[in-house]
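**Q** 3D model of this:
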Amino acid sequence: MNKGLIHIYCGDGKGKTTAALGLSIRASGSGFGVYFIQFLKSVETGEINALKNLKNITVIRGNLPFGFTWQLNYEEKLELKKEHNRLLKEGISMLQGDCSQTLLVLDEIIGAYDYNLIDRQMVLDFLKNKPPMLEVVLTGRNPAQELIELADYISEIKKIKHPFDKGIKARKGIEQ
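**A** Reported below is the predicted structural model:
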């Protein structure tokens, strides 16, 4: 590898985070350092518990309890934006040296970006000026055009059918 690339896993289907987790496990198993930063999610899940036990993987996530973005009031959105900015800065500060054999996953950053729940300019500046050997994954629905233009890979996961449409909530071990 002579250059780290930018991946986007997007779409309305289940599996964007799962794809990022799979790449994280692959990278870790190949000796990479992995930094998995999660935005818009704070509930403990099986995959996060498993990641924390794997060698070479650092998980960074907020712990602010909140509901869906459309349920938040203005003050809660401001607090969440501060938390997301802190998470991104913390992750960036951990990156050292040439970052060869380093993977940075920014899980659900696309949603945080779209809903203005993170400093958009900070995200763009980081992606445009990232360490050259750093591999970066962005996940979420509906990536903005400027993110699409920066990406080297874009994979869309399309929902055909999902139990949530029938009112079935997230199940432990499957969606959580």
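**Q** Identify the bridge partners of the residue positioned nearest the centre of the chain.
**A** Centre of the chain computed as the mean C-alpha position; nearest residue by Cα atoms, centre = their mean is residue 107, 1.1 Å away. Counting by DSSP bridges, residue 107 forms beta bridges with residue 38.
**Q** Mind giving me the packing neighbours of the lowest-mean-pLDDT helix or strand in the chain?
**A** One helix or strand of the chain scores below all others by mean pLDDT, DSSP states H and E: helix 46-52, with a mean of 89. Counting contacts by 3 or more Cβ pairs under 8 Å, 6 or more residues apart in numbering; DSSP states H and E, helix 46-52 packs against helix 16-29, strand 57-61. To be clear about C-beta, it is placed using only N, CA and C from the backbone, and glycine gets the same treatment.
**Q** So for residue 136, which of those sits nearest?
**A** helix 16-29 (10.6 Å; Cβ to Cβ).
**Q** any idea how far residue 107 is from residue 21?
**A** Distance from residue 107 to residue 21, counting by Cβ to Cβ, to the nearest Å: 9 Å.
**Q** Overlap in contacts, the two.
**A** Common neighbours of residue 107 and residue 21, counting by Cβ atoms under 8 Å, 6 or more residues apart in numbering, are residue 36.
**Q** starting at the chain centroid, how far to the top helix by length along the chain?
**A** For the chain, the longest helix by residue count, based on DSSP state H, is helix 74-94. In terms of Cα atoms, centre = their mean, to the nearest Å, the centre of helix 74-94 is found 13 Å from the chain centre.
**Q** do stretch 110-125 as well
**A** Relative to the centre of its chain, stretch 110-125 is centred 12 Å away, using Cα atoms, centre = their mean.
**Q** Okay, now the unreliable bits of the protein?
**A** Along the chain, segments meeting pLDDT under 70 span 1, 64-67.
**Q** ok, back up a step: let me see the residues that make contact with the least confident helix or strand of the chain.
**A** Helix 46-52 is contacted from outside by 17-18, 21, 24, 36, 38, 57, 59, 61, 172-173, 176, using Cβ under 8 Å, 6+ apart.
**Q** If any of these are buried, give me the PyMOL selection for them.
**A** Of the contacts of helix 46-52, the buried ones go into a single PyMOL selection, burial set by 16 or more other Cβ atoms under 10 Å:
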select buried, resi 17+21+24+36+38+57+59+61
